[in-house]
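# structure of the sequence below:
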Amino acid sequence: MKSIYTLFPAVLFTVLLIFPSSLFGQNTYLLNTFDGAQKQMVSETHSGLTHERSYFSLNREPLQEREMNVGDYMKVQLRESHGSILKITRTEQFTENTVSYIARSEENPDEMFVFTYSDGRIHGLYHQSHEEAFFFEYDPAMERHYIATGTPFQDDPQHCSVHEIADDLLTGFTHSSAKQKAVSVDGRQIPHLNAPGAVSDDEVTIDLLIPYTENARIWAEADTNFYSIDAVIAQSLNLSQSALDVSEIHINLRVVHYYETGYSDDSIENLDEDDPNYVAPGDHLRRLTRDSENPFDLCGRRSNCSESDFDGYFDEVHQLRDQYGADLVAAFLSEPNTGGIAWRSTSVTGLPQYGFSVNRIQQVANNYTLIHEIGHNMGNAHARNQNQAEAGEFGGIFVYSTGNRFSGSSNDYATVMAYDQDGFQGIPNFSNPDVLVSGIGTGTSIFHTGEAGPSNSALSMNQLRRVIASYRPTRTDPPVADFADVSVSVELNQENSTATVPITISNTGDSDLIWDIDFDIASSTIAKRQPTNGFEDAVQPASVDLSGSGGGMLTYSDGPGVLFSAGFEAGEGFTTGDHLALAGWRASSESALFEISDENPSGGTYNLRLPRRSGTSNSVGARSPFFGTQPTGEFRISFDVAIRNLSFGSSGEIFDIYFYDASTGSLSSGVIIDSENVWGWGAGEDGQGAFSSFIGSITENDKYHSFEIHYNPNNRTIDYSVNGVQAASSSYAPGRTPDYMYIGNRNEVSGSYIDIDNIEVRREFTPFNWMSVPRFEGVVQPGSTQSVDLVFNAVDVESGSYETVLLLRSNDPNNPVFELPISAEIEMATSAQTETDLPNRISLKQNYPNPFNPSTRIQFRLNESSDVRLDVFNVAGQRVATLVDGMMSAGSHEQTFNASGLSSGVYFYRLQTPKESLTRQMILVK
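Next up, the predicted model:
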């Protein structure tokens, strides 16, 4: 007979005292009971400490028959007089005989039971609170299950080894050498999904490959709690998933393949370093990571090290990773002389070649070792306020990508990425200031200046989860994307201002379809466009170590608005003085600090300064908070800049302001001040990025100039303005979005500096003024569909024809990119009111077509009869044509400009009357 509680009206009052109202209509299963035959025994842990065991009877039927499902309830007895009702939040069938469960109390979220049932036995960790935990295990001698406050390896955990990648291996990248973050499959480039993950709560799946050694399997089969490697792997994954869930990290972990590898240099017993069979933890990891067919630096700064030292150990792992589509590889070894070790990612574009970790089999199923190492793979460092292997002021991939140790009302706690030493109680939480334990946030804000510093690894992992999930296409039970629409075409009159067209995304496959939307801004026509400014590359960009950035005053959304702003005032968390890291900003080097100064603010009280100090030869740099990986759109960036250049009229003093596209790791815009000349980033003669657009000159010290950088997807250009006047325009090359910022002072003269103030990054449209997409990313479950609206707009949009190609990118390995052509025809208003009323002022419309070859039409309207001049200029300011020069009547007019005698490039046309002057840009493509 099933042990299910049925709620009868006769006992309604009693039931309400025991069960929450949400139980009605749900099954509630009794998991275990204490009876008259129960026994209590004292047992020892691995190191000899004693703990008490309380034996119980397990109700196997609902477990064996797979009757308990998500949404059901279970009653768990921790002692004869105490039982708790928990709601099942996850179940996962790992093998035919192994199933994992996560259940939580609705009344006390800290109370959680994470267990695996395998071959008639359960093994689990029950958090009654963050102060008290119980282990559910099996005693073969008694042939019964028991509850204990300890487990054989509980007091013998080994901590994570120092991850060497941050200090020894990766030196960062420059814009010119950064690899495109994509994987080649069947000769095609599979794009990574780079929508702003912090916007959505969609759960993204990260696939794991788990090789285990013979020694690891022998230990698992001999362990009286598990009896199988399957149970160990399942419970380690279950514990990892529970930590993600309680931390509000929207990641689902999935093992796509596990197997026994031939690697045999681990051991049954922990070895001393002087043992001839001892292998250093880092060498286990290097052997696992080494790919002789795709070699990369594993030695770093180590002396007496050769890459070939690590050949021949895990040769099969890379082929299997590709075959099964594993994003990360987590090896299980027996006593690898560490609790675990992993490469820590330092790049927001991702480092799939370093997605490896080594984990100690003896502890992965009793604590959070596996997810701790995965946390390193995702860029997290340890806590700053621990006493060993602590994070520095820079944090991890972002300044807040760290663990945390903190004091609550009744205990001291350590999050998953922190060491639970010195009396700190480990908790199954990543740092997150919005998730409370004992009334205290498990993390800290970006402005926190205490010993822990900024700590929010949950935010960091949510921001990067799509990058990690895209390390490999989904190969195991893959999704199948179906994009029903072939093309979209709309016609709008300026009186009928908007139209909404839904498009449907379907998943007919067997796993979650992870998708995002982008747009083909750099079309084949644009790719042929060449700039005509004639300038050579004025100065080479700085070689910048951009291994991550900070966090800060950010707004994550898909819609328009301010993404980031910084006035460097006290109310934003800034204080005067020299800093390695502050309020999300961090210096590019520990030997070259940035300064918050009150000597020369553009507005307010403070500004950021990068000074060249006497006695040092290093350049000074500062990295901004990470704005998030932005969808394609129209952006405006503004900032105020002043310099003290002690080498005017000579060479040597160079200042840098760069904006990076996080999806490619390349520059999307920027300016370089070389001596007194200012150059803008854009497409060079070969279509590649170059600082070849002359913007102007700065010839006075300490005088602020206001810069604006406009990402214009309609014209496919980056437009640069200084002090309100557009000075240059270049094609996109190669980045298209501003996701984070670098400011630098490549100085040769002591006492020089660059001051910057009033930074604002604003998204105007997503992506165009004539069409927007409210949602750029999502996840479609198998057998389901999602709808995405395309919102077309004619308000304040020039009449004409508009075209783009929507790119639906997904983890469907067979159809990674769908292309959807989109066009809109916007006509002028035709009402009698519009035709008869004269404008209140002159107007100059965008030329059509644009880009054009060789002719285009220019429309304008006059509010009164007037002297009119319509001229065309090249980017050097030279007049190349005069289309109108004389008196014209009020109303609408049109002129045709034929550029058959001109070369390809950017041109400007200016409409001038005695009262007003208007200028627009157009592009000639031949």
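
# list the contacts for the closest residue to residue 201 other than its chain neighbours?
Among residues not flanking residue 201 along the chain, residue 250 sits closest, at 5.5 Å (CB to CB, 6 or more residues apart in numbering). Just so you know, the C-beta spots here come from the backbone N, C-alpha and C atoms, and that holds for glycine as well. If a contact means CB atoms under 8 Å, 6 or more residues apart in numbering, then residue 250 has 197, 200-204, 462, 465 as its contacts.

# how about low-confidence regions in the stretch 451-600 of the chain?
Counting by pLDDT under 70, the stretch 451-600 of the chain contains low-confidence residues at 496, 522-559.

# what's the neighbour count on residue 498?
Burial of residue 498 is recorded as 11 neighbouring residues (other CB atoms under 10 Å).

# again, but for residue 620
Other residues lying near residue 620 total 26 when counted by other CB under 10 Å.

# ok, it touching residue 610?
Yes. Counting by CB atoms under 8 Å, residue 620 sits close enough to residue 610 to count as a contact (4.4 Å).

# who touches both of those two?
594, 744-745.

# show me where the stretch 651-800 of the chain has strands.
For the stretch 651-800 of the chain, the strands identified by DSSP state E, counting those that start in this stretch occupy 654-661, 666-674, 677-683, 689-697, 705-712, 717-722, 725-731, 740-746, 753-765, 771-772, 777-780, 785-793, 800-810, in order along the chain.

# care to break the chain down by domain?
The record's domain parsing of the chain by automatic domain parsing lists 9-148, 168-181+191-468, 481-521+769-827, 530-546+553-765, 838-924.

# re the thing from before, distance to residue 34 and mean neighbour count for the strands of the stretch 651-800 of the chain - can I get that in CSV?
As requested, the strands of the stretch 651-800 of the chain are exported to CSV (distance: least, CB to CB, whole Å; neighbours: other CB atoms under 10 Å):
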stretch, distance to residue 34, mean neighbour count
strand 654-661, 61, 25
strand 666-674, 63, 25
strand 677-683, 71, 24
strand 689-697, 70, 22
strand 705-712, 67, 20
strand 717-722, 71, 23
strand 725-731, 74, 20
strand 740-746, 57, 24
strand 753-765, 60, 21
strand 771-772, 61, 22
strand 777-780, 43, 22
strand 785-793, 48, 17
strand 800-810, 51, 19
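
# and the shared contacts of residue 620 and residue 610 as CSV, adding distance to residue 516?
Conversion of these to CSV gives the following (distance: CB to CB, whole Å):
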residue, distance to residue 516
594, 34
744, 32
745, 37
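
# so residue 770 sits against residue 794, correct?
Yes. Applying CB under 8 Å as the test, residue 770 and residue 794 come out as touching, 7.2 Å apart.

# looking at those two, which is more packed in?
Neighbours were counted for residue 770 and for residue 794 using other CB under 10 Å; residue 794 has more, 25 against 22.

# hang on, isn't the more buried one packed against residue 768?
No. Under the criterion of CB under 8 Å, residue 794 makes no contact with residue 768, lying 12.0 Å away.

# quick one: contacts for residue 334?
213, 215-216, 218-219, 266-268, 360-362.

# do that again at 7 Å, thanks
213, 215-216, 219, 266-268, 361 (CB atoms under 7 Å, 6 or more residues apart in numbering).

# mind checking the SS state of the residue nearest the centre of the chain?
In the chain, the centroid-proximal residue (CA atoms, centre = their mean) is residue 464; its distance is 2.5 Å. Look at residue 464: counting by DSSP: H, G, I helix; E, B strand; the rest coil, its state is helix.

# any idea how far it is from residue 455?
Distance, residue 464 to residue 455, using CB to CB, to the nearest Å: 16 Å.

# over to the nearest residue in space to residue 354 that is not next to it in sequence: give its phi and psi.
Once flanking residues are discounted, residue 354 sits nearest to residue 343: 3.8 Å by CB to CB, 6+ apart. When read as degrees, to the nearest 10, the backbone of residue 343 gives phi -70, psi 140.

# residues near residue 343, how many?
Residue 343: 24 surrounding residues under other CB under 10 Å.

# go ahead and confirm it touches residue 353.
No. Taking CB atoms under 7 Å as the contact criterion, residue 343 and residue 353 are not neighbours in contact, 8.9 Å apart.

# show me what the nearest residue to residue 32 once chain neighbours are set aside is bridged to.
Counting by CB to CB, 6+ apart, residue 56 is the residue found nearest to residue 32 once chain neighbours are left out, at 4.7 Å. Going by DSSP bridges, residue 56 is paired in beta bridges with residue 145.

# the residue nearest to residue 796 when sequence neighbours are not counted and residue 113, how far apart?
Counting by CB to CB, 6+ apart, residue 796 lies nearest to residue 769, which is 7.1 Å off, once chain neighbours are set aside. Shown here: residue 769 relative to residue 113, a distance of 53 Å by CB to CB.

# please identify which of the two sits among more neighbours.
residue 113 (25 against 18).
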